[in-house]
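In: 3D model of this:
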Amino acid sequence: MRQRLDFGRGGLQFDIPDGVRAEVVESPRATPLADPVAAVERALADPVESAPLAVAARGRRDAVIVISDKTRPVPNGVVLPPILQALDGAGIDRQRIEILVGTGLHRPNTPQELAEMTSPQIVARYRIRNHVARDAASHRSLGRTRRGTEIWLDAGYLDADLKIVTGLIEPHLMAGFSGGRKGVAPGLAGVEMMRHLHGPAMLEDHIGPGILDGNPFHEELVEIARRAGVDFLVNVAIDRGRRLTGVFAGDLEAAHRAGVRAVEQHVRVDVEAPADVVVTSAGGYPLDATFYQAIKGLIGALNVVKRGGTIILAAEISEGIGSAEFRRLLADIAAHDEFLARLAAPGFFVIDQWMAQHLCQVLRKAEVAVVSPGLYLGEFPRLPIGRAPSVEEALRRALARHGRGARVLVVPEGPYVLGTVRGRKLPIGRAWLDDAA
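Out: As a prediction, the model looks like this:
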């Protein structure tokens, strides 16, 4: 049986051997919007629990529009022009509009990437700035949250008179769903704030893809975004072809919740039983450009793999491992339990440690095999993950381990699908404890 995985920009085909019991887990198809620009315009004019953007913008001296960085395939070329037009109609000159890229702790986006993310015309006409989390001087403190997180956010955002936050709603490994409050934090957060937000204790709490209720990470982000101020939210949903399927604008929480309800209908797939082997992807470009981001494909499989099972991840990894800090962390991982214990030591903190922790959370439940032309493991000789030259070879090895009668799930869209066993959304910190999952 021939199957396709989302991989890079073009996809990856592979064959499942005859006689292997395989189930393909694909999301229900959302219908692309016939006129995406008109849909954005309608959402701005008739938002959820908010005044229209044109009304909210009246009398404002300046505006900031937060967009996601290149790791999120937001169709900014469709979303931004109606927003900019509304601001122009409200009397805000384009010289007083800043487009702010919420990079979080990711690297800044290059001019070429900014043009690809938005459009050459927008890059030429508007001021675009990358948030830089490591520049402490460009952040300001807003005190502490109820849980004690000290809020450090981009000062330029805080100083803007009109604050607009855009984003994409999809399953997220920590926040349950992306979009909404995530545009502010971690999108505009300083390094010091991340010590608590992405700390090891938080990542072992009630967090995971699809989980909002009782999720302390989600609750913390909402409090931070409310404290910082969000005057207008514009979130979107897309299909597998990156086409717009929904626009949710208005109040920070109400519009995001409306979007989450709609998106879950099109991304959640319930299976009857967990699998011995899960063949998945990192969702293709841009998410599979680095191993750091590709780990999200492994997390997406945790809900539906058996304890002691195998996850086969196909990811292009065209830009390498990730940051220098992340590479150093991987070089120190020889066993997941030892590394997780070291993370919990008082005072330990390294940027990007959270994704190394997520990798270890996967490894304590299942073995991992990666299929990628871009993943070189020579500098990580002790890292307990496997490599395979093809999906077919990785699958052959997994079937030799689990038997030809093994249950196999194929998840072509990777983390963009919310796979569950009979509707159960397991916290990733505890998923390995549940034999039934």
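In: report the spatially nearest residue to residue 417, omitting neighbours in sequence.
Out: residue 27 (4.9 Å; C-beta to C-beta, 6 or more residues apart in numbering). To be clear about C-beta, it is placed using only N, CA and C from the backbone, and glycine gets the same treatment.
In: actually residue 301, not the one I wrote
Out: residue 278 (4.3 Å).
In: surely the one you found forms part of a helix?
Out: No: with DSSP: H, G, I helix; E, B strand; the rest coil as the criterion, residue 278 is strand rather than part of a helix.
In: residues contacting it?
Out: Shown in contact with residue 278 (C-beta atoms under 8 Å, 6 or more residues apart in numbering): 301, 304, 305, 309, 310, 311, 312, 366, 408, 409, 410, 411.
In: how about a cut-off of 10 Å?
Out: By C-beta atoms under 10 Å, 6 or more residues apart in numbering, the contact list for residue 278 reads 25, 297-298, 300-306, 309-313, 366, 398, 407-411, 419.
In: same deal with residue 33?
Out: 39, 40, 78, 236, 237, 238, 239, 243, 244, 245, 246, 247.
In: listing request: residues of the protein with sub-threshold pLDDT.
Out: For the chain, the stretches with pLDDT under 70 are 431-437.
In: returning to that earlier point: which one of the contacts of residue 33 is nearest residue 135?
Out: Ranked by distance to residue 135 (C-beta to C-beta), the contacts of residue 33 are led by residue 236 at 29.2 Å.
In: what strands line up against the helix or strand hosting that closest one, and which way round?
Out: For residue 236, the element it lies in under DSSP states H and E is strand 232-238. With DSSP bridges as the test, strand 232-238 is paired with strand 162-168 (parallel), strand 244-250 (antiparallel).
In: quick revisit: how many other residues sit next to the residue nearest to residue 417?
Out: Neighbours of residue 27 under the rule other C-beta atoms under 10 Å: 21.
In: contacts only, for it.
Out: So residue 27 contacts 171, 239-240, 263, 265-269, 411-413, 416-419 (C-beta under 10 Å, 6+ apart).
In: hang on, the earlier thing: got TSV for the contacts of residue 33, with distance to residue 155 too?
Out: What follows is the contacts of residue 33, written out as TSV (distance: C-beta to C-beta, whole Å):
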residue	distance to residue 155
39	34
40	29
78	30
236	27
237	31
238	32
239	37
243	36
244	32
245	35
246	33
247	30
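In: can you lay out these as JSON lines showing neighbour count?
Out: Shown next, in JSON lines, are these (neighbours: other C-beta atoms under 10 Å):
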{"residue": "39", "neighbour count": "19"}
{"residue": "40", "neighbour count": "25"}
{"residue": "78", "neighbour count": "19"}
{"residue": "236", "neighbour count": "27"}
{"residue": "237", "neighbour count": "22"}
{"residue": "238", "neighbour count": "24"}
{"residue": "239", "neighbour count": "18"}
{"residue": "243", "neighbour count": "15"}
{"residue": "244", "neighbour count": "21"}
{"residue": "245", "neighbour count": "19"}
{"residue": "246", "neighbour count": "21"}
{"residue": "247", "neighbour count": "24"}
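In: now for these: which two are most distant?
Out: Checking these with C-beta to C-beta, the most distant pair is 40 and 239, at 16.0 Å.
In: tell me which of the contacts of residue 27 fall in helices.
Out: 263, 265, 266, 267 (DSSP state H).
In: most neighbours, which of those?
Out: So for these (other C-beta under 10 Å), the most neighbours sit at residue 263, 28 neighbours.
In: which stretches in the stretch 151-300 of the chain count as helices?
Out: 155-159, 191-197, 200-203, 216-228, 252-267, 291-301 (DSSP state H, counting those that start in this stretch).
In: reformat these as TSV; add distance to residue 347.
Out: Shown next, in TSV, are the helices of the stretch 151-300 of the chain (distance: least, C-beta to C-beta, whole Å):
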stretch	distance to residue 347
helix 155-159	28
helix 191-197	10
helix 200-203	12
helix 216-228	22
helix 252-267	35
helix 291-301	24
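In: check those for me and report the most buried one.
Out: Neighbour counts (mean count of other C-beta atoms under 10 Å) averaged over each of the helices of the stretch 151-300 of the chain peak at helix 291-301, with a mean of 27.
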